[in-house]
Each structure stands twice: as structure tokens, then as C-alpha cells.
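Asks: Sequence below, structure please.
(one chain, ligands or ions: 1)
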Amino acid sequence: MTKSRDAGVDAAKSVEERRGFLASVLMWSGVALGYGIGAFHFLRYLVPLGEKSRYRELFVGPVDQMEVGQSRTVRAPNGDSYVMARTAEGYRVLSDICPHLGCRVHWEPDKDRFFCPCHAGVFDPAGKATGGPPAEADQNLARLETIVRGNSVFVLIKEV
Ligand code: FES
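Replies: Numbering: from 1, shown residues only. Reported below is the predicted structural model:
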């Protein structure tokens, strides 16, 4: 009788020990997981790896509705405006705000250039300042990349 009672007590102790061990494993696993997630986010905060700028394609018009030499204004969703010109080399989409003092720039197809009338700022088709105060200060026009896909022209807009 005492032997079987001792065996029962031992079995109960063994079950309790296993439960305690399992509870400890679960608790420490949870602690490790919690600290691991916290450490991951902290390190990601310190070193933002993989954070690349994202761009969105914005449709700006069909190819067949713009002849070489024509231009039009393109408005980005954030309100910025650009002048889009079709040159012999392709489409150019540049900021229409002069980097000198902020006047509106326009495309001059006969001279193959962008021009700012305020102080005679001149920019080549790629937006590089070639004359006037912007050239002296090396202030070029901001430029958007263009993509022609089928009969559609898109520009790449940086997402904020
Ligand atoms: S504002 Fe354009 S040249 Fe001065």
C-alpha cells in the first residue's frame, strides 16, 4: 500500500515538474520573442535598410496627341506643375518653376530650349541651365523621368 502511494506521489511530482518545465519554456519563449521583436524594430529604426524611395507612374497623355515641338502643363497629385515637351529626342518633363526666383518656365520649340522670361534664364532640353542667372548659379530645372508604353506617356512621381 505504501509503495503504490509513493508511486502515485512520484507520478504527481513528475507531472508537476513537467508542467513547470513546460510553463518555463513557454514563458521564456515569449520573453525571447518579445525582446527579439523589440530589438528588430529598434535596429530597423537605427539602420533603415531596404527603405527605398517609391515611385508611382502618372499617366500624362497619349503619344499620338502630341507632335514634336508641342508642350503642355502636367500637374502632379501634390500640386507641383511641370512642363512636358516633345522634342526630337523624346519627351521631356521638367519643373515649370524657375530655380532662380520662381517664375514660370516655358518650352520654345523653335530654339529647342526652356526659357524663363523674368531674367532671360535659358535651359537645354534636359533642364540644364545654359544662360542667364540660373546658369551663373548652376541652378537646373527639376526633371521627371518619362516612360513611353504603347501609346501612353507616363512620368515617375516620387511618393512621399
Ligand atoms: S526667375 Fe527665372 S531667370 Fe530669374
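Asks: Following element in sequence after the helix or strand hosting Leu43, please.
Replies: Per DSSP states H and E: Leu43 is located in helix 2-46. Of the helices and strands lying after helix 2-46 in sequence (DSSP H and E), the nearest is strand 55-62.
Asks: buried set for the helix or strand that that following strand is followed by?
Replies: Following strand 55-62 in sequence order, the next helix or strand is strand 71-75 (DSSP H and E). For strand 71-75, a neighbour-count test (16 or more other C-beta atoms under 10 Å) marks 71, 74 as buried. For the C-beta atoms, the positions are set from N, CA and C on the backbone; glycine is no exception.
Asks: Relative to the whole chain's centre, how far out is strand 71-75?
Replies: 22 Å (C-alpha atoms, centre = their mean, to the nearest Å).
Asks: Note down every partner strand of it and its orientation.
Replies: strand 81-87 (antiparallel) (DSSP bridges).
Asks: The partner strand vs strand 55-62, what angle?
Replies: Counting by axes from the mean of the first three to the mean of the last three C-alpha atoms, to 10 degrees, strand 81-87 lies at 60 degrees to strand 55-62.
Asks: Output strand 81-87 as CSV, nothing but the C-alphas.
Replies: C-alpha atoms of strand 81-87 as CSV (Å, rounded to 0.1, in the frame of the first residue of the first chain):
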residue,chain,number,x,y,z
SER,A,81,3.4,71.6,-62.1
TYR,A,82,5.7,70.6,-64.9
VAL,A,83,6.1,71.5,-68.5
MET,A,84,6.1,68.5,-70.8
ALA,A,85,7.6,69.0,-74.2
ARG,A,86,8.0,66.6,-77.1
THR,A,87,11.4,67.1,-78.6
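Asks: Flag every buried residue along it.
Replies: 82-87.
Asks: will you turn those residues into JSON lines that also has pLDDT?
Replies: Compiled in JSON lines, the buried residues of strand 81-87 are given as follows (pLDDT from 0 to 100):
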{"residue": "Tyr82", "pLDDT": "91"}
{"residue": "Val83", "pLDDT": "91"}
{"residue": "Met84", "pLDDT": "90"}
{"residue": "Ala85", "pLDDT": "90"}
{"residue": "Arg86", "pLDDT": "90"}
{"residue": "Thr87", "pLDDT": "87"}
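Asks: Would you format the residues you listed as CSV with distance to the ligand included?
Replies: Below are the buried residues of strand 81-87 laid out as CSV (distance: C-beta to the nearest ligand atom, whole Å):
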residue, distance to the ligand
Tyr82, 16
Val83, 13
Met84, 19
Ala85, 17
Arg86, 23
Thr87, 21
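Asks: Much appreciated, bye for now.
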